[in-house]
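In: make a model of this:
(one chain, ligands or ions: 2)
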Amino acid sequence: MPKALRIYNTLSRTLEDFTPLHANLVGMYVCGPTVYSYLHLGNCRTFSSFDMIFRYLKYAGYKVRYVRNITDAGHLEGDLDEGDDKFAKRAKIEQLEPMEIVQKYTQYFHDVMRDFNCLPPSIEPTATGHIIEQIEMTKELLSHGWAYEVEGTIYFDVEKYSKENNYGILSNRNLNDLLDGTRTLSGQEDKRGRLDFALWIKAKPEHLMQWQSPWGMGFPGWHIECSAMSKKYLGAQFDIHGGGMDLISTHHTNEIAQNCACNGVAPVRYWMHTNMLTVNGVRMSKSAGNGFLPDELFSGSHPLLEKGYSPMSVRFFMMQSHYRSTLDFSNEALQAAEKGYARLMTAIRLIDTLKTEGDSNDMVVALRSKCEAAMSEDFNTPIAIAHLFEGVTFINNVNDGRERISPQDKINLKQLYQDFVFDVFGLKEEAVIHNNKMDGVMQILLDQRAEAKARKDFETSDRLRDKLLNLGITIQDGKDGATYSL
Ligand code: AMP
Ligand code: ZN
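Out: Ligands and ions are numbered 1, 2, ... in the order given. Got it, this is the predicted structure:
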């Protein structure tokens, strides 16, 4: 029997007992990246949160089929199907084929997921690999009157759908409110209703990514891909659907409408949404200009960053907040997380060296059930981490001879950290490059830089400093000479 869980369901806006459709099995779909440019740290927060959820579901005893798609076609600049095609625009800027753009940024996404130690999903379907399924679903919606065609473009008829269904069910907004907040976008004057959205879009002859369909050459709308692919791999109804909160009001609302209209059943039992990563209170996004890249974060090469931070200290920083709380980025917060992560890892390394004696300690015995209780209450990682730090204090006390650890407690403690820190939170030991050889090489460079400064060759000394910074190595000048940190 898997462990009991409660999940906050965006649909009901309450914590609910989690009961999967099929005992012991969980189907989970998470909206993946739009691979038209580098992903930023905000995106990474969402994917790392669902990675932790995937990991804890497995720890809790479920067999999970985790589907996370790659959006490699059909996403226009605006989420309301307005503006240029993101891929075509980028292809022009970079003078590449759209599929070269897709390849390049999918590769980057995978590299970053590996850096953050996110497990690969069970299935990673692409929109371009499922054009047939999207056309089939569009045909189905058309044939039952839920959609209409205007010169090769197919729109979903929201007002018709709303007569029998609650279109704003996920965002808890009624149709009039939604209508009031929507204007007719240029190029979309042919829609019957302002809220109608495109299932299939007629392509202009010069459009680079287009496919044959019953309505002529075109490409899919953004929302239909997730409906078609979740249905294909998880069924018309499945357990968990996730994504960032910014997807609730349009993308996920439209997914529900498409699925309900096509399949006659609500697709998802538990809608889960991660909150946003912000920088000084502003949501991180490419357009806000505060969306630094993971590489910039690791190397410290962004004006907002005082230094570089390692992937695991960043992952620890993310796990320290609950996935439904906003997480504000600041150098101070990351430096605190860096210290916390180092303290945790040092304590875990110490466990093996502890001498055992005496009886079991009640606090140690209770730790696993406390961590499980926190995690089974909507994946409360900050509380679970606080409990793990009770263990850290205990380990340090034993190491200092202030407390004793029994042989069984030592075995249990080691397993507890393995299960939670490494398997559930997905943290890992980072390569220790800070060794004597590294120190020796760095001293040679620091001496060269000092010599350059002494002969007032600041061009060389600055160049050395900047090159090292690009590698994630920061030089600090002090009164006793320069030191470095990674
Ligand atoms: P995109 O590639 O823009 O489709 O976004 C991929 C995922 O990242 C989606 O689930 C978004 O909701 C999520 N996301 C975008 N911006 C942020 C942010 N600032 N914080 C957390 N998640 C975000
Ligand atoms: Zn999606």
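In: which ones are touching whichever residue of the stretch 1-150 of the chain sits closest to ligand 1?
Out: Distances between the stretch 1-150 of the chain and ligand 1 by C-beta to the nearest ligand atom are smallest at residue 42, namely 2.5 Å. (C-beta placed from N, C-alpha, C; glycine too.) By C-beta atoms under 8 Å, 6 or more residues apart in numbering, the contact set of residue 42 is 244, 276, 277, 283, 284, 285, 291.
In: try 7 Å this time
Out: Contacts for residue 42 were tallied using C-beta atoms under 7 Å, 6 or more residues apart in numbering; they are 276, 277, 284, 285, 291.
In: so which strand or helix has it?
Out: helix 41-59 (DSSP states H and E).
In: tell me if that helix is near ligand 2.
Out: No. No part of helix 41-59 sits near ligand 2 under the criterion C-beta under 5 Å from the ion; the closest distance found is 11.7 Å.
In: buried residues in that helix, which are they?
Out: By 16 or more other C-beta atoms under 10 Å, the buried positions in helix 41-59 come out as 41-59.
In: please apply the same query to stretch 97-116.
Out: For stretch 97-116, by 16+ other C-beta under 10 Å, it's 98, 101, 102, 104, 105, 106, 108, 109, 112, 113, 115, 116.
In: between these, which sits nearest residue 34?
Out: Nearest to residue 34 among these, counting by C-beta to C-beta, is residue 105 at 8.7 Å.
In: who does residue 377 bridge with?
Out: residue 6 (DSSP bridges).
In: ok, residue 15 next?
Out: Under the criterion used (DSSP bridges), residue 15 bridges to residue 8.
In: list the contacts for it?
Out: Neighbours of residue 15 in contact, by C-beta under 7 Å, 6+ apart: 6, 8, 378.
In: was I right about the second one contacting residue 378?
Out: Yes. Under the contact definition of C-beta atoms under 7 Å, residue 8 touches residue 378, with a separation of 4.8 Å.
In: that older thread, in a markdown table, list the contacts of residue 15 along with distance to ligand 1, pLDDT and neighbour count.
Out: Shown next, in a markdown table, are those (distance: C-beta to the nearest ligand atom, whole Å; pLDDT from 0 to 100; neighbours: other C-beta atoms under 10 Å):
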| residue | distance to ligand 1 | pLDDT | neighbour count |
| --- | --- | --- | --- |
| 6 | 22 | 98 | 15 |
| 8 | 16 | 98 | 19 |
| 378 | 17 | 98 | 19 |
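In: out of those residues, who's nearest residue 230?
Out: residue 8 (20.3 Å).
In: please tell me how far that closest one sits from residue 319.
Out: 17 Å (C-beta to C-beta, to the nearest Å).
In: in this structure, which helix is the longest?
Out: helix 331-351 (DSSP state H).
In: what's that helix packed up against?
Out: helix 311-319, helix 381-399, helix 407-417 (3 or more C-beta pairs under 7 Å, 6 or more residues apart in numbering; DSSP states H and E).
In: looking at strand pairing, list the partners for the residue in the stretch 101-250 of the chain positioned nearest to ligand 1.
Out: Closest to ligand 1 within the stretch 101-250 of the chain is residue 244: 2.0 Å, counting by C-beta to the nearest ligand atom. With DSSP bridges as the criterion, residue 244 is bridged to residue 274.
In: contacting residues around it?
Out: So residue 244 contacts 46, 273, 274, 276 (C-beta under 7 Å, 6+ apart).
In: which of those residues are buried? Put it as a ChimeraX command.
Out: Listed next is the ChimeraX selection for buried residues among the contacts of residue 244, using 16+ other C-beta under 10 Å:
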select :46,273,274,276
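In: excluding chain neighbours, what is closest to residue 476?
Out: residue 483 (5.3 Å; C-beta to C-beta, 6 or more residues apart in numbering).
In: where does the residue in the stretch 151-300 of the chain that ligand 2 sits nearest to land on pLDDT?
Out: Going by C-beta to the ion, ligand 2 is nearest to residue 226 of the stretch 151-300 of the chain, at 3.2 Å. At residue 226, the model reports a pLDDT of 98.
In: and the gap between the closest residue in space to residue 380 that isn't next to it in sequence and residue 319?
Out: Spatial nearest neighbour of residue 380, chain neighbours left out: residue 374 (4.4 Å); criterion: C-beta to C-beta, 6+ apart. In this view, residue 374 and residue 319 are 12 Å apart by C-beta to C-beta.
In: flag every residue of the stretch 1-150 of the chain that's near ligand 1.
Out: 31, 33, 34, 42, 43, 45, 46 (C-beta under 6 Å from any ligand atom).
In: now with 8 Å?
Out: 30-35, 39-43, 45-47, 71, 75 (C-beta under 8 Å from any ligand atom).
In: list the contacts for residue 73?
Out: 87, 127, 128, 209, 219, 220.
In: and residue 101, what element?
Out: helix 98-115.
In: by contact count, what packs against that helix?
Out: Looks like helix 98-115 contacts helix 86-94 (3+ C-beta pairs under 7 Å, 6+ apart).
In: buried sites along stretch 348-358?
Out: Using 16+ other C-beta under 10 Å as the test for burial, stretch 348-358 gives 348, 351, 354.
In: picking that back up, the contacts of residue 73 in strands, which ones?
Out: Of those, the ones assigned to strands by DSSP state E are 219, 220.
In: ok, and the closest non-adjacent residue to residue 290?
Out: residue 279 (4.3 Å).
In: between helix 311-319 and the helix holding residue 101, find me the angle.
Out: 80 degrees (axes from the mean of the first three to the mean of the last three C-alpha atoms, to 10 degrees).
In: any part of the very next helix or strand once past helix 98-115 near ligand 2?
Out: Using DSSP H and E, the next helix or strand after helix 98-115 towards the C-terminus is helix 131-143. No. Contact between helix 131-143 and ligand 2 is absent, the nearest approach being 12.3 Å (criterion: C-beta under 5 Å from the ion).
In: and residue 459, what pLDDT?
Out: So, for residue 459, pLDDT stands at 92.
In: kindly export whichever strand or helix holds it (C-alpha atoms) in PDB.
Out: For residue 459, the element it lies in under DSSP H and E is helix 458-470. Listed in PDB are the C-alpha atoms of helix 458-470, where the atom choice follows Å, rounded to 0.1, in the frame of the first residue of the first chain:
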ATOM      1  CA  PHE A 458      45.800  46.600 -15.300                       C
ATOM      2  CA  GLU A 459      44.700  45.400 -18.700                       C
ATOM      3  CA  THR A 460      46.300  42.000 -18.000                       C
ATOM      4  CA  SER A 461      45.200  41.800 -14.300                       C
ATOM      5  CA  ASP A 462      41.600  42.700 -15.300                       C
ATOM      6  CA  ARG A 463      41.600  40.200 -18.100                       C
ATOM      7  CA  LEU A 464      42.800  37.400 -15.800                       C
ATOM      8  CA  ARG A 465      40.100  38.300 -13.300                       C
ATOM      9  CA  ASP A 466      37.300  38.400 -16.000                       C
ATOM     10  CA  LYS A 467      38.400  35.100 -17.600                       C
ATOM     11  CA  LEU A 468      38.300  33.400 -14.200                       C
ATOM     12  CA  LEU A 469      34.900  34.900 -13.500                       C
ATOM     13  CA  ASN A 470      33.600  33.400 -16.700                       C
END
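In: elements contacting that helix?
Out: helix 436-454.
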